[in-house]
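Trainee: Curious how this folds, go ahead:
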Amino acid sequence: MNRIAEIERKTKETEIYIRINIDGKGDAKLNYPVGFMAHMLNTFARHALIDIEVHAKGDLEVDQHHLIEDTGIVLGQCFAKALGEKRGIKRSGSCLFPMDECLARAAVDISGRPFLYFDCQLTAAPLISEGDNKKQYEFQTDVIEDFWQGFTSSAGCNLHLEILRGRSDHHKIEALFKAAARALREACEYDERAKDIIPSTKGVLPGFETQGVLV
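Mentor: You can find the predicted model right below:
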């Protein structure tokens, strides 16, 4: 049975709907107003092999922080809800992902205890893209940490993200998303030797009811 969840979150700052299928094929349907972040979500879906649908809007006239942090929160809620009591999953995963000059490392434990270690070594210089009518758009790279903080808090996972070396901020962020996606993919996979077991000596792992409901 596919593990599917959907969450809709509305505040005075953002409106976000996300639906995921953890047992998908990596398809992404994105209606997202920040181009670089849409690229990262598409990359995440493909490497995690989850299907993801996102519809989002927010107060971009203020900045990108609210929308991107809230996207992480809702995506994390979807993971917590879809995984349920986490019976039979491997629980932990890791990935060392190279992207040209860049090398990223991710390790995750879906423990029910949220914690983020983030060392991306970003320069803080905005990434510039060109849209319709040659209009330029800037991506605020510092919000990437906000995204992952929101994700870990609501997914209830322990996530370590590091750039071991690299030059391009684009490559650093993209390699991190790919590494995180593959680590999460491994952690969410079923353990063939422990299909009916909750992977904890406690016999229970905190789930959506305790970690996934943030407003």
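
Trainee: only C-alpha atoms for contact and neighbour calcs from this point on.
Mentor: Noted.

Trainee: Could you point out which residue ranges in this protein have low pLDDT?
Mentor: Residues of the chain meeting the criterion pLDDT under 70: 130-136, 208-215.

Trainee: And the helices in it?
Mentor: For the chain, the helices defined by DSSP state H cover 35-48, 65-83, 143-155, 169-188, 208-211.

Trainee: Make a markdown table out of those helices and add distance to Phe97.
Mentor: Formatted as a markdown table, these follow (distance: least, CA to CA, whole Å):
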| stretch | distance to Phe97 |
| --- | --- |
| helix 35-48 | 11 |
| helix 65-83 | 21 |
| helix 143-155 | 17 |
| helix 169-188 | 5 |
| helix 208-211 | 29 |
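
Trainee: Nearest to Ile18 among those helices would be which one?
Mentor: helix 65-83 (6.6 Å; CA to CA).

Trainee: distance between that closest one and the chain's centre?
Mentor: 7 Å (CA atoms, centre = their mean, to the nearest Å).

Trainee: For the closest residue to Lys86 other than its chain neighbours, list the residues it contacts.
Mentor: Residue nearest to Lys86 in three dimensions, not counting chain neighbours: Ile198, with 6.1 Å by CA to CA, 6 or more residues apart in numbering. By CA atoms under 8 Å, 6 or more residues apart in numbering, the contact set of Ile198 is Glu85, Lys86, Arg87, Gly88, Ile89, Val204, Leu205.

Trainee: For the nearest residue to Ile89 once chain neighbours are set aside, give its distance to Lys86.
Mentor: Nearest non-adjacent residue to Ile89, counting by CA to CA, 6+ apart: Tyr190, 4.3 Å away. To Lys86, Tyr190 is 9 Å away according to CA to CA, to the nearest Å.

Trainee: neighbour-wise, which of these two wins?
Mentor: Lys86 (25 against 16; other CA atoms under 10 Å).

Trainee: Surely that one is in contact with Leu205?
Mentor: Yes. Using CA atoms under 8 Å, Lys86 is in contact with Leu205, at 7.2 Å.

Trainee: Residues in contact with both of those two, list them for me.
Mentor: Contacts common to Lys86 and Leu205, judged by CA under 8 Å, 6+ apart, are Ile198, Pro199.

Trainee: OK, contacts around the closest residue to Leu67 other than its chain neighbours?
Mentor: Using CA to CA, 6+ apart and skipping residues adjacent in sequence, the residue nearest Leu67 is Gly58, 5.4 Å away. Taking CA under 8 Å, 6+ apart as the criterion, Gly58 is in contact with Glu13, Thr14, Glu15, His66, Leu67.

Trainee: top of the residues you listed by neighbour count?
Mentor: Leu67 (24 neighbours).

Trainee: Now do the same contact list for that residue.
Mentor: Glu13, Thr14, Ala56, Lys57, Gly58, Asp59, Leu60.
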